[in-house]
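S.K.: Kindly return the folded structure for what I paste below:
(one chain, ligands or ions: 2)
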Amino acid sequence: MSDGASYRGGCLCGAVRFHLDGEPKWVGTCHCSKCRRAHGAGSVCWVGVESGRFHLDKGHELLGAFKSSEAATRNFCLRCGSPMLFQSTRWPGETHVALGALDAGHGLKPAVNAFFDDRAPWVHVEDGLPRRGGPDGTTPLG
Ligand SMILES: [Zn+2]
Ligand SMILES: [Zn+2]
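M.R.: Numbers count the residues shown, from 1 in each chain. Ligands and ions are numbered 1, 2, ... in the order given. Predicted coordinates for the structure are as follows:
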């Protein structure tokens, strides 16, 4: 692809489109209560990229922002409501992109479960991946 895109994605209605250059820093599943509520899902798979590798291609005016904590901002489509992006001062210089917002065929898979001790009691995880938690969500659980 001429613009160097490695991965493309967007919202449900297609108004917001973006691409990523290069490979992600990590891919992981977040079980925190805020992701659960923001996405209406048991957990959320995120792709962590250097913010400079995230490019919004269209829909700038439709990208809503919600500050979900002192540190964090979540972005979603104002037309269709799809949650797509997360940024936090806890992970400076990183943009977290919802894996489910990427176009099919990306081949990425989560490698870790974060905030695992905050998971919903109705979520059953037997993926064999490392489980992390604690106050920062990323400390190995014993
Ligand atoms: Zn949309
Ligand atoms: Zn989370």
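
S.K.: Briefly note if stretch 113-126 comes near ligand 2.
M.R.: No: shown here: stretch 113-126 not in contact with ligand 2 (C-beta under 5 Å from the ion), separated by at least 5.6 Å. Backbone N, C-alpha and C define where each C-beta goes, glycine included.

S.K.: Buried residues, that stretch. List them.
M.R.: 113-116, 118-119 (16 or more other C-beta atoms under 10 Å).

S.K.: and His19, bridged to which residues?
M.R.: Arg8, His55 (DSSP bridges).

S.K.: what's the answer for Arg74, then?
M.R.: Listed by DSSP bridges, the beta-bridge partners for Arg74 are Phe66, Phe86.

S.K.: I'd like to know how many residues surround it.
M.R.: Burial of Arg74 is recorded as 22 neighbouring residues (other C-beta atoms under 10 Å).

S.K.: my read: it touches Phe86, true?
M.R.: Yes: contact status for Arg74 versus Phe86: in contact at 5.3 Å, counting by C-beta atoms under 8 Å.

S.K.: Quick check: residues of this protein near ligand 1?
M.R.: Residues of the chain lying close to ligand 1 by C-beta under 5 Å from the ion are 11, 13, 15, 77, 79-80.

S.K.: any idea which of these has the most stuff around it?
M.R.: With neighbours taken as other C-beta under 10 Å, the top of these is Cys11, carrying 24 neighbours.

S.K.: now Ala120: how far from Gly52?
M.R.: Look at Ala120 and Gly52: by C-beta to C-beta, to the nearest Å, they are 34 Å apart.

S.K.: for Arg132, helix, strand, or coil?
M.R.: Here Arg132 takes the strand state, with states given by DSSP: H, G, I helix; E, B strand; the rest coil.

S.K.: Can you tell me which residues in this protein are near ligand 2?
M.R.: Within reach of ligand 2 by C-beta under 5 Å from the ion, the chain has these residues: 30, 32, 35.

S.K.: Can you pull the phi/psi pair for Glu61?
M.R.: Per-residue torsions, Glu61: phi -70, psi -10 (degrees, to the nearest 10).

S.K.: ok, how many other residues are close to it?
M.R.: Counted with other C-beta under 10 Å, Glu61 comes out at 8.

S.K.: and it, how far is that from Arg74?
M.R.: Look at Glu61 and Arg74: by C-beta to C-beta, they are 18 Å apart.
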